[in-house]
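# Here's a sequence, model it:
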Amino acid sequence: MDAADFSAVLSEVRRFVRERVVPLEAEIDEKDEMPAEIREAAKKMGLFGFALPEEYGGLGLSMYEEAQLMFELGYTTPALRSMFGTNNGIAGHVLMVGGTEEQKAEWLPRIASGDVLASFALTEAEAGSDPSTLTTRAHLDGDEWVINGAKRYITNAPLADVFMVFARTDPDAPRTRGISTFLVPAGTSGLTVAPKDHKMGQFGAWTADVYFDDVRVPASALVGGEAGLDRGFGTAMGCIAHGRVHISSLCVGMAERLVDETVEYARTRRQSGKLIGSFQLVQGLIADSMTDYYAGRATVLEAARAFDAGTDTKIGPSCTKYFASEMVWRVADRAVQVHGGAGYMRGVAVERFYRDARLFRIYEGTSQIQQVIIAKALLGEAARG
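Here you go, the predicted model:
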(Lines give C-alpha, C1' and ligand atoms only; values in the text may rest on other atoms or scores of the structure.)
Protein backbone atom coordinates (compact mmCIF):
# COMPACT_ATOMS: atom_id res chain seq x y z
CA MET A 1 0.00 0.00 0.00
CA ASP A 2 1.13 3.54 -0.74
CA ALA A 3 2.76 5.04 2.35
CA ALA A 4 0.37 7.99 2.49
CA ASP A 5 -2.67 5.75 2.12
CA PHE A 6 -1.40 3.43 4.83
CA SER A 7 -0.77 6.36 7.16
CA ALA A 8 -4.37 7.47 6.60
CA VAL A 9 -5.61 3.95 7.42
CA LEU A 10 -3.65 3.92 10.67
CA SER A 11 -4.99 7.33 11.65
CA GLU A 12 -8.57 6.31 10.94
CA VAL A 13 -8.21 3.08 12.92
CA ARG A 14 -6.59 4.91 15.82
CA ARG A 15 -9.51 7.34 16.02
CA PHE A 16 -12.01 4.50 15.75
CA VAL A 17 -10.35 2.52 18.54
CA ARG A 18 -9.81 5.37 20.97
CA GLU A 19 -12.96 7.38 20.36
CA ARG A 20 -15.55 4.67 19.73
CA VAL A 21 -14.34 1.35 21.16
CA VAL A 22 -12.41 2.33 24.29
CA PRO A 23 -15.50 4.02 25.86
CA LEU A 24 -17.44 0.76 25.34
CA GLU A 25 -14.86 -1.60 26.88
CA ALA A 26 -16.59 -2.04 30.24
CA GLU A 27 -19.93 -2.68 28.51
CA ILE A 28 -18.40 -5.24 26.16
CA ASP A 29 -16.76 -7.01 29.11
CA GLU A 30 -19.94 -7.01 31.18
CA LYS A 31 -22.30 -8.11 28.41
CA ASP A 32 -19.80 -10.46 26.72
CA GLU A 33 -20.88 -9.10 23.36
CA MET A 34 -19.56 -6.79 20.68
CA PRO A 35 -22.09 -4.04 19.79
CA ALA A 36 -23.60 -4.40 16.32
CA GLU A 37 -22.66 -0.83 15.40
CA ILE A 38 -18.98 -1.57 16.07
CA ARG A 39 -19.15 -4.66 13.87
CA GLU A 40 -20.74 -2.67 11.04
CA ALA A 41 -18.20 0.14 11.38
CA ALA A 42 -15.35 -2.40 11.20
CA LYS A 43 -16.82 -3.86 8.01
CA LYS A 44 -17.07 -0.44 6.39
CA MET A 45 -13.44 0.30 7.28
CA GLY A 46 -12.26 -2.90 5.60
CA LEU A 47 -11.01 -4.47 8.81
CA PHE A 48 -12.42 -7.90 7.94
CA GLY A 49 -10.00 -8.11 5.01
CA PHE A 50 -6.93 -6.01 5.79
CA ALA A 51 -4.54 -8.95 5.28
CA LEU A 52 -6.31 -10.45 2.27
CA PRO A 53 -5.28 -9.69 -1.33
CA GLU A 54 -6.66 -6.61 -3.04
CA GLU A 55 -7.87 -8.69 -5.98
CA TYR A 56 -10.36 -10.31 -3.61
CA GLY A 57 -11.49 -7.09 -1.95
CA GLY A 58 -8.94 -6.91 0.87
CA LEU A 59 -6.41 -4.20 1.69
CA GLY A 60 -3.46 -6.46 0.90
CA LEU A 61 -1.30 -5.33 3.80
CA SER A 62 2.17 -6.79 4.19
CA MET A 63 3.09 -8.42 7.50
CA TYR A 64 5.04 -5.31 8.45
CA GLU A 65 2.04 -3.10 7.76
CA GLU A 66 -0.29 -5.54 9.50
CA ALA A 67 1.89 -5.44 12.61
CA GLN A 68 1.56 -1.66 12.80
CA LEU A 69 -2.21 -1.90 12.34
CA MET A 70 -2.36 -4.46 15.14
CA PHE A 71 -0.49 -2.09 17.45
CA GLU A 72 -3.47 0.25 17.09
CA LEU A 73 -6.12 -2.47 17.43
CA GLY A 74 -4.37 -3.95 20.46
CA TYR A 75 -4.85 -0.72 22.40
CA THR A 76 -8.40 -1.76 23.31
CA THR A 77 -10.25 -4.94 24.24
CA PRO A 78 -8.93 -7.94 22.25
CA ALA A 79 -12.55 -8.79 21.46
CA LEU A 80 -12.39 -6.14 18.73
CA ARG A 81 -9.51 -7.82 16.93
CA SER A 82 -11.00 -11.27 17.51
CA MET A 83 -14.15 -10.23 15.64
CA PHE A 84 -12.29 -10.13 12.33
CA GLY A 85 -8.94 -11.72 13.22
CA THR A 86 -9.75 -15.18 11.90
CA ASN A 87 -10.98 -13.76 8.58
CA ASN A 88 -7.63 -12.06 8.07
CA GLY A 89 -5.50 -14.64 9.81
CA ILE A 90 -5.62 -18.36 10.26
CA ALA A 91 -8.97 -18.96 8.52
CA GLY A 92 -8.56 -16.60 5.59
CA HIS A 93 -4.98 -17.70 5.06
CA VAL A 94 -6.08 -21.31 4.63
CA LEU A 95 -7.59 -20.31 1.31
CA MET A 96 -4.80 -17.88 0.42
CA VAL A 97 -2.15 -20.55 1.00
CA GLY A 98 -3.91 -23.73 -0.08
CA GLY A 99 -7.16 -22.94 -1.89
CA THR A 100 -7.93 -23.47 -5.56
CA GLU A 101 -8.60 -20.45 -7.73
CA GLU A 102 -12.29 -21.37 -7.71
CA GLN A 103 -12.38 -21.59 -3.91
CA LYS A 104 -10.60 -18.26 -3.55
CA ALA A 105 -12.98 -16.57 -5.97
CA GLU A 106 -16.03 -18.00 -4.21
CA TRP A 107 -15.08 -17.30 -0.62
CA LEU A 108 -12.36 -14.65 -0.22
CA PRO A 109 -14.37 -11.61 -1.43
CA ARG A 110 -17.15 -12.42 1.06
CA ILE A 111 -14.64 -13.08 3.84
CA ALA A 112 -12.81 -9.81 3.10
CA SER A 113 -16.04 -7.81 3.17
CA GLY A 114 -17.19 -9.37 6.43
CA ASP A 115 -20.32 -10.80 4.82
CA VAL A 116 -18.92 -14.21 5.74
CA LEU A 117 -17.30 -14.93 9.10
CA ALA A 118 -14.78 -17.77 8.95
CA SER A 119 -13.56 -20.04 11.74
CA PHE A 120 -10.36 -22.09 11.92
CA ALA A 121 -11.33 -25.52 13.27
CA LEU A 122 -8.03 -27.19 14.18
CA THR A 123 -7.74 -27.51 17.98
CA GLU A 124 -9.08 -30.63 19.71
CA ALA A 125 -9.26 -31.83 23.31
CA GLU A 126 -6.01 -33.77 22.87
CA ALA A 127 -4.49 -31.79 20.00
CA GLY A 128 -3.80 -28.17 20.89
CA SER A 129 -0.37 -26.62 20.40
CA ASP A 130 0.67 -29.82 18.62
CA PRO A 131 -2.09 -30.42 16.03
CA SER A 132 -0.34 -33.43 14.52
CA THR A 133 -2.23 -35.66 16.99
CA LEU A 134 -5.72 -34.61 15.87
CA THR A 135 -8.29 -37.41 15.62
CA THR A 136 -11.12 -35.85 13.60
CA ARG A 137 -11.42 -38.01 10.48
CA ALA A 138 -12.77 -37.68 6.97
CA HIS A 139 -13.29 -40.46 4.46
CA LEU A 140 -14.48 -40.41 0.87
CA ASP A 141 -17.87 -41.97 0.21
CA GLY A 142 -18.64 -41.75 -3.48
CA ASP A 143 -18.30 -38.10 -4.42
CA GLU A 144 -18.69 -36.83 -0.85
CA TRP A 145 -16.39 -36.51 2.15
CA VAL A 146 -17.80 -37.67 5.49
CA ILE A 147 -16.36 -35.93 8.56
CA ASN A 148 -16.55 -37.18 12.17
CA GLY A 149 -14.94 -35.70 15.25
CA ALA A 150 -14.90 -32.71 17.57
CA LYS A 151 -13.03 -29.41 17.83
CA ARG A 152 -12.46 -27.32 20.95
CA TYR A 153 -12.13 -23.58 21.77
CA ILE A 154 -12.92 -22.54 18.20
CA THR A 155 -12.89 -18.75 17.88
CA ASN A 156 -16.08 -17.22 16.47
CA ALA A 157 -17.71 -20.65 16.18
CA PRO A 158 -21.12 -19.44 17.46
CA LEU A 159 -21.15 -16.75 14.76
CA ALA A 160 -19.30 -18.49 11.93
CA ASP A 161 -20.68 -18.87 8.43
CA VAL A 162 -18.00 -21.32 7.34
CA PHE A 163 -15.46 -23.53 9.10
CA MET A 164 -11.99 -24.48 7.85
CA VAL A 165 -11.96 -28.01 9.24
CA PHE A 166 -8.78 -30.05 9.60
CA ALA A 167 -9.32 -33.81 9.53
CA ARG A 168 -7.20 -36.91 9.14
CA THR A 169 -7.81 -38.42 5.69
CA ASP A 170 -5.09 -41.07 5.87
CA PRO A 171 -5.03 -42.74 9.31
CA ASP A 172 -1.96 -44.79 8.39
CA ALA A 173 0.23 -41.84 7.43
CA PRO A 174 2.84 -40.32 9.79
CA ARG A 175 1.38 -37.82 12.27
CA THR A 176 2.24 -34.71 10.29
CA ARG A 177 0.94 -36.19 7.06
CA GLY A 178 -2.44 -37.55 6.06
CA ILE A 179 -4.29 -34.38 7.25
CA SER A 180 -6.53 -32.38 4.91
CA THR A 181 -8.64 -29.23 5.17
CA PHE A 182 -12.31 -28.86 4.29
CA LEU A 183 -14.67 -25.94 3.77
CA VAL A 184 -17.78 -26.72 5.83
CA PRO A 185 -20.59 -24.14 5.78
CA ALA A 186 -22.47 -23.52 9.02
CA GLY A 187 -25.81 -25.27 9.03
CA THR A 188 -24.50 -28.36 7.25
CA SER A 189 -26.34 -31.43 8.50
CA GLY A 190 -24.46 -33.10 11.35
CA LEU A 191 -22.49 -29.97 12.33
CA THR A 192 -23.29 -28.77 15.85
CA VAL A 193 -21.89 -25.77 17.69
CA ALA A 194 -21.98 -26.02 21.48
CA PRO A 195 -22.93 -23.07 23.73
CA LYS A 196 -20.20 -20.43 23.91
CA ASP A 197 -17.44 -20.95 26.46
CA HIS A 198 -17.38 -18.95 29.71
CA LYS A 199 -13.78 -17.80 29.84
CA MET A 200 -11.52 -16.04 32.33
CA GLY A 201 -11.19 -13.00 30.10
CA GLN A 202 -11.50 -11.66 26.58
CA PHE A 203 -15.25 -11.29 26.96
CA GLY A 204 -16.96 -10.33 23.73
CA ALA A 205 -14.72 -12.77 21.84
CA TRP A 206 -16.68 -15.98 21.58
CA THR A 207 -15.32 -19.52 21.41
CA ALA A 208 -17.11 -22.87 21.47
CA ASP A 209 -16.72 -26.56 20.80
CA VAL A 210 -17.82 -27.83 17.38
CA TYR A 211 -19.01 -31.38 16.67
CA PHE A 212 -19.10 -33.28 13.38
CA ASP A 213 -21.40 -36.28 13.21
CA ASP A 214 -21.34 -37.81 9.70
CA VAL A 215 -21.06 -34.35 8.17
CA ARG A 216 -21.17 -34.71 4.39
CA VAL A 217 -19.55 -32.19 2.06
CA PRO A 218 -18.92 -32.43 -1.69
CA ALA A 219 -15.51 -33.29 -3.10
CA SER A 220 -15.15 -29.62 -4.06
CA ALA A 221 -15.02 -28.76 -0.33
CA LEU A 222 -11.50 -30.21 -0.08
CA VAL A 223 -9.25 -27.15 0.17
CA GLY A 224 -6.84 -27.21 -2.75
CA GLY A 225 -8.80 -29.91 -4.54
CA GLU A 226 -7.01 -33.20 -5.13
CA ALA A 227 -3.67 -31.41 -4.86
CA GLY A 228 -4.60 -30.43 -1.31
CA LEU A 229 -5.15 -33.98 -0.11
CA ASP A 230 -2.95 -34.77 2.91
CA ARG A 231 -1.42 -31.27 2.89
CA GLY A 232 -3.46 -29.84 5.74
CA PHE A 233 -0.71 -29.91 8.35
CA GLY A 234 1.64 -27.82 6.23
CA THR A 235 -1.18 -25.40 5.47
CA ALA A 236 -2.00 -25.08 9.16
CA MET A 237 1.61 -24.44 10.14
CA GLY A 238 1.97 -21.73 7.51
CA CYS A 239 -1.18 -20.02 8.72
CA ILE A 240 -0.16 -20.30 12.36
CA ALA A 241 3.30 -18.79 11.68
CA HIS A 242 1.57 -15.71 10.27
CA GLY A 243 -0.81 -15.76 13.23
CA ARG A 244 2.06 -15.73 15.71
CA VAL A 245 3.41 -12.44 14.38
CA HIS A 246 -0.16 -11.11 14.28
CA ILE A 247 -0.83 -12.01 17.93
CA SER A 248 2.57 -10.66 18.98
CA SER A 249 1.63 -7.30 17.50
CA LEU A 250 -1.63 -7.34 19.43
CA CYS A 251 0.34 -7.94 22.64
CA VAL A 252 2.47 -4.89 21.92
CA GLY A 253 -0.63 -2.73 21.43
CA MET A 254 -2.04 -3.92 24.74
CA ALA A 255 1.29 -3.26 26.47
CA GLU A 256 1.20 0.34 25.22
CA ARG A 257 -2.28 0.78 26.69
CA LEU A 258 -1.21 -0.74 30.00
CA VAL A 259 1.80 1.57 30.22
CA ASP A 260 -0.45 4.56 29.53
CA GLU A 261 -2.94 3.47 32.21
CA THR A 262 -0.13 2.89 34.71
CA VAL A 263 1.56 6.24 34.08
CA GLU A 264 -1.70 8.17 34.30
CA TYR A 265 -2.60 6.50 37.60
CA ALA A 266 0.85 7.17 39.08
CA ARG A 267 0.59 10.83 38.03
CA THR A 268 -2.71 11.40 39.80
CA ARG A 269 -2.96 8.92 42.71
CA ARG A 270 -1.81 10.13 46.12
CA GLN A 271 -0.64 8.02 49.03
CA SER A 272 0.61 9.42 52.34
CA GLY A 273 0.16 12.89 50.93
CA LYS A 274 2.38 12.29 47.91
CA LEU A 275 1.80 11.34 44.29
CA ILE A 276 2.76 7.68 44.00
CA GLY A 277 4.71 8.59 40.88
CA SER A 278 7.27 10.19 43.20
CA PHE A 279 8.05 6.82 44.83
CA GLN A 280 11.15 5.31 43.27
CA LEU A 281 9.89 1.73 43.53
CA VAL A 282 6.82 2.73 41.52
CA GLN A 283 9.08 4.49 39.05
CA GLY A 284 11.05 1.26 38.70
CA LEU A 285 7.93 -0.73 37.83
CA ILE A 286 6.95 1.83 35.20
CA ALA A 287 10.45 1.91 33.73
CA ASP A 288 10.51 -1.89 33.47
CA SER A 289 7.15 -1.90 31.69
CA MET A 290 8.16 0.79 29.23
CA THR A 291 11.37 -1.09 28.49
CA ASP A 292 9.43 -4.31 27.92
CA TYR A 293 7.02 -2.52 25.59
CA TYR A 294 9.87 -0.90 23.66
CA ALA A 295 11.68 -4.22 23.22
CA GLY A 296 8.46 -6.00 22.22
CA ARG A 297 7.68 -3.45 19.53
CA ALA A 298 11.17 -3.71 18.04
CA THR A 299 11.08 -7.53 18.13
CA VAL A 300 7.73 -7.70 16.35
CA LEU A 301 8.73 -5.27 13.61
CA GLU A 302 11.96 -7.17 12.94
CA ALA A 303 10.07 -10.48 12.79
CA ALA A 304 7.52 -8.93 10.41
CA ARG A 305 10.26 -7.66 8.08
CA ALA A 306 11.87 -11.08 7.93
CA PHE A 307 8.49 -12.75 7.39
CA ASP A 308 7.75 -10.48 4.42
CA ALA A 309 11.19 -11.15 2.97
CA GLY A 310 10.75 -14.89 3.42
CA THR A 311 14.07 -15.11 5.24
CA ASP A 312 12.54 -16.31 8.51
CA THR A 313 9.06 -17.77 8.71
CA LYS A 314 9.68 -20.13 11.61
CA ILE A 315 12.12 -19.04 14.33
CA GLY A 316 11.18 -15.36 14.11
CA PRO A 317 7.42 -15.87 14.55
CA SER A 318 8.03 -18.21 17.49
CA CYS A 319 10.58 -15.89 19.12
CA THR A 320 8.33 -12.86 18.87
CA LYS A 321 5.22 -14.77 19.99
CA TYR A 322 7.13 -16.14 23.00
CA PHE A 323 8.61 -12.79 23.97
CA ALA A 324 5.60 -10.56 23.32
CA SER A 325 3.07 -12.78 25.10
CA GLU A 326 5.28 -13.11 28.16
CA MET A 327 6.10 -9.41 27.97
CA VAL A 328 2.51 -8.18 28.03
CA TRP A 329 1.77 -10.46 30.97
CA ARG A 330 4.60 -8.85 32.94
CA VAL A 331 3.38 -5.39 32.00
CA ALA A 332 -0.19 -6.26 33.02
CA ASP A 333 1.01 -7.65 36.35
CA ARG A 334 2.99 -4.49 37.09
CA ALA A 335 0.01 -2.33 36.12
CA VAL A 336 -2.15 -4.07 38.70
CA GLN A 337 0.63 -3.74 41.27
CA VAL A 338 0.95 0.01 40.74
CA HIS A 339 -2.83 0.40 41.03
CA GLY A 340 -2.76 -1.54 44.31
CA GLY A 341 -6.17 -2.57 45.62
CA ALA A 342 -7.89 -0.60 42.84
CA GLY A 343 -6.17 -2.81 40.30
CA TYR A 344 -7.98 -5.83 41.67
CA MET A 345 -11.43 -4.29 41.23
CA ARG A 346 -13.79 -5.03 38.34
CA GLY A 347 -14.45 -1.97 36.22
CA VAL A 348 -10.81 -0.85 36.33
CA ALA A 349 -9.14 -1.17 32.95
CA VAL A 350 -5.94 -2.84 34.16
CA GLU A 351 -7.90 -5.57 35.97
CA ARG A 352 -9.68 -6.41 32.73
CA PHE A 353 -6.49 -6.38 30.67
CA TYR A 354 -4.80 -8.59 33.28
CA ARG A 355 -7.45 -11.24 32.61
CA ASP A 356 -7.33 -10.67 28.87
CA ALA A 357 -3.54 -10.90 28.63
CA ARG A 358 -3.32 -14.35 30.21
CA LEU A 359 -4.60 -16.09 27.09
CA PHE A 360 -1.80 -14.82 24.87
CA ARG A 361 0.66 -17.21 26.50
CA ILE A 362 -1.58 -20.13 25.50
CA TYR A 363 -3.16 -19.75 22.08
CA GLU A 364 -1.32 -19.77 18.74
CA GLY A 365 1.01 -22.18 20.53
CA THR A 366 1.91 -22.02 24.22
CA SER A 367 5.11 -20.40 25.42
CA GLN A 368 6.51 -23.86 26.05
CA ILE A 369 5.79 -24.94 22.47
CA GLN A 370 7.56 -21.82 21.21
CA GLN A 371 10.61 -22.76 23.31
CA VAL A 372 10.64 -26.22 21.75
CA ILE A 373 10.26 -24.87 18.20
CA ILE A 374 13.07 -22.34 18.67
CA ALA A 375 15.46 -24.79 20.30
CA LYS A 376 14.86 -27.60 17.79
CA ALA A 377 15.30 -25.23 14.86
CA LEU A 378 18.66 -24.12 16.25
CA LEU A 379 19.93 -27.47 17.48
CA GLY A 380 18.79 -29.69 14.63
CA GLU A 381 19.71 -33.33 15.17
CA ALA A 382 21.31 -32.53 18.53
CA ALA A 383 17.85 -31.79 19.94
CA ARG A 384 16.87 -35.43 19.39
CA GLY A 385 19.56 -36.71 21.73
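# make it CA atoms for all contacts and neighbour counts henceforth
Fine.
# residues touching the spatially closest residue to residue 224 that is not a sequence neighbour, list them.
If the residues on either side of it in the chain are set aside, residue 224 comes closest to residue 99, at 4.4 Å by C-alpha to C-alpha, 6 or more residues apart in numbering. Contacts of residue 99 were listed using C-alpha atoms under 8 Å, 6 or more residues apart in numbering, and they are 223, 224, 225, 228.
# want to throw those into a markdown table with secondary structure?
Compiled in a markdown table, the contacts of residue 99 are given as follows (DSSP: H, G, I helix; E, B strand; the rest coil):
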| residue | secondary structure |
| --- | --- |
| 223 | coil |
| 224 | coil |
| 225 | helix |
| 228 | helix |
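# Next, format those residues as JSON lines and append distance to residue 147, pLDDT and neighbour count.
Converted to JSON lines, the contacts of residue 99 look like this (distance: C-alpha to C-alpha, whole Å; pLDDT from 0 to 100; neighbours: other C-alpha atoms under 10 Å):
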{"residue": "223", "distance to residue 147": "14", "pLDDT": "96", "neighbour count": "28"}
{"residue": "224", "distance to residue 147": "17", "pLDDT": "95", "neighbour count": "24"}
{"residue": "225", "distance to residue 147": "16", "pLDDT": "95", "neighbour count": "18"}
{"residue": "228", "distance to residue 147": "16", "pLDDT": "90", "neighbour count": "18"}
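# just curious, which of these is nearest to residue 119?
Out of these, the one with the shortest distance to residue 119 is residue 223. That distance is 14.3 Å, counting by C-alpha to C-alpha.
# Look up how far residue 117 lies from that closest one.
Between residue 223 and residue 117 the distance, using C-alpha to C-alpha, to the nearest Å, works out to 17 Å.
# hang on, residue 139 in a strand?
Yes: counting by three-state DSSP, one finds residue 139 located in a strand.
# Can you report how many residues lie near it?
The number of residues packed near residue 139 is 17, by other C-alpha atoms under 10 Å.
# surely it meets residue 149?
No: at 11.9 Å, residue 139 and residue 149 do not qualify as touching, with contact defined as C-alpha atoms under 8 Å.
# Next, the distance between the ends of stretch 55-64.
20 Å.
# residues contacting residue 322?
By C-alpha under 8 Å, 6+ apart, the residues touching residue 322 are 361, 366, 367, 370, 371.
# Please, which helix or strand holds it?
Taking DSSP states H and E as the definition, residue 322 sits inside helix 315-339.
# Work out the gap between that helix and the centre of the chain.
With C-alpha atoms, centre = their mean, to the nearest Å as the basis, helix 315-339 stands 15 Å off its chain's centre.
# Would you mind pulling the contact partners of stretch 90-97?
Identification of contacts with stretch 90-97 by C-alpha under 8 Å, 6+ apart yields 52, 86-87, 103-104, 108, 111, 118-120, 163-164, 223, 235-236, 238-240, 242-243.
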